[in-house]
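Undergrad: Sharing a sequence plus its predicted fold:
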Amino acid sequence: MVDIIKYITRKSHKPLIVVPIILMIIALAYLSVFGLNEGIELKGGTLVTVELKHPMTETEISSTVAQKLGVSDVQTSLSENTATITISGDVDVNEFEQKLGDDFKVLSFKSVGALLSDAAMTQIVYALLFAFVFMSVTVFFVFRDPVPSLAIILSCLCNISIAIGGMSIFGIPISIASVGALLMLIGYGVDTDILLTTRLLKRQMGSIEDRAEDACKTGITLSIAALASMVVLFIVVKLFIPSAQVLDDISAVLIIGLLSDLLSTWLMNLGILKWHLERGGHN
């Protein structure tokens, strides 16, 4: 760890800046081609949690529901004798119980129509846009210097782009839960970027490399701790509570985002700030 930090903080800044940008371009290219899966809140559909009345596999549950309801897109997540069934399309609870009452006992039932899904997508776009705009204004107000302010904004943009691209690559649906995780990433990414910028620009003791190394030790330690907790949460959900799709989505998005934040903050942002300071851009 110490050797890696020393390499990052004392390496020429130009290669450091390029690596996250290349990853961002790759992520956005993949996203533009394959797009994102939409969760039930956005594409509409029906989410049913049931208790099995007799043993069935996930494949048997999906095929039974599809056959008896006459639908084509059914996904199932099974945990012991409880299953979460996602149906693409609007299904009536009475129809579900009538046709599948011999197989399942309904524990919860949620149906999301197209109108609600359109409204949810609009709100998601506004939430991400406003969060990014207010973050940008706040950062510029704090530092009053365009270069470090733009570096923080670019780093956050890179972080979010790689995270969304990762969602597309790994098939993580865009949903209310995953959007909440993206908003958390914006806040966390700005926090680590401000930590780095403050240590380099506000402190005067030591060389640029010494201040960068001190910031890296603190920031990377915090990021690794947060990443470890998300990995544990992801593993626990996968092994013991696979029906908790919300926790699954949040932990998966945060894992990708925290990894991309390590690159965007401690490679790109650090590289830009070192270049700025070496040019004498800040007293």
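TA: Ah, there it is.
Undergrad: the strands in this structure, which residues?
TA: 45-52, 74-79, 82-87, 104-112 (DSSP state E).
Undergrad: Restrict the second one to CA atoms and write it as CSV.
TA: Output for strand 74-79, consisting of C-alpha atoms alone and laid out as CSV, is shown next (Å, rounded to 0.1, in the frame of the first residue of the first chain):
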residue,chain,number,x,y,z
VAL,A,74,-40.8,-13.4,-15.9
GLN,A,75,-37.8,-13.2,-13.6
THR,A,76,-37.6,-15.0,-10.2
SER,A,77,-35.3,-14.7,-7.2
LEU,A,78,-35.7,-17.6,-4.7
SER,A,79,-34.7,-17.8,-1.0
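Undergrad: can the strands of the chain go into JSON lines with extra columns for mean pLDDT?
TA: What follows is the strands of the chain, written out as JSON lines (pLDDT from 0 to 100):
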{"stretch": "strand 45-52", "mean pLDDT": "85"}
{"stretch": "strand 74-79", "mean pLDDT": "80"}
{"stretch": "strand 82-87", "mean pLDDT": "84"}
{"stretch": "strand 104-112", "mean pLDDT": "83"}
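Undergrad: So for residue 229, which of those strands sits nearest?
TA: Closest to residue 229 of the strands of the chain, according to CB to CB: strand 74-79, at 22.3 Å. Just so you know, the C-beta spots here come from the backbone N, C-alpha and C atoms, and that holds for glycine as well.
Undergrad: Just give me the neighbour total for the nearest residue to residue 143 once chain neighbours are set aside.
TA: Excluding its sequence neighbours, the residue lying closest to residue 143 (CB to CB, 6 or more residues apart in numbering) is residue 149, at 5.2 Å. Here the number of neighbours of residue 149 (other CB atoms under 10 Å) works out to 19.
Undergrad: ok, now which ones touch residue 149?
TA: Residue 149 is in contact with 136, 139-140, 143, counting by CB atoms under 8 Å, 6 or more residues apart in numbering.
Undergrad: got JSON lines for the residues you listed, with pLDDT, neighbour count and distance to residue 104 too?
TA: Output for these, formatted as JSON lines (pLDDT from 0 to 100; neighbours: other CB atoms under 10 Å; distance: CB to CB, whole Å):
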{"residue": "136", "pLDDT": "76", "neighbour count": "17", "distance to residue 104": "49"}
{"residue": "139", "pLDDT": "77", "neighbour count": "20", "distance to residue 104": "51"}
{"residue": "140", "pLDDT": "79", "neighbour count": "16", "distance to residue 104": "55"}
{"residue": "143", "pLDDT": "76", "neighbour count": "19", "distance to residue 104": "57"}
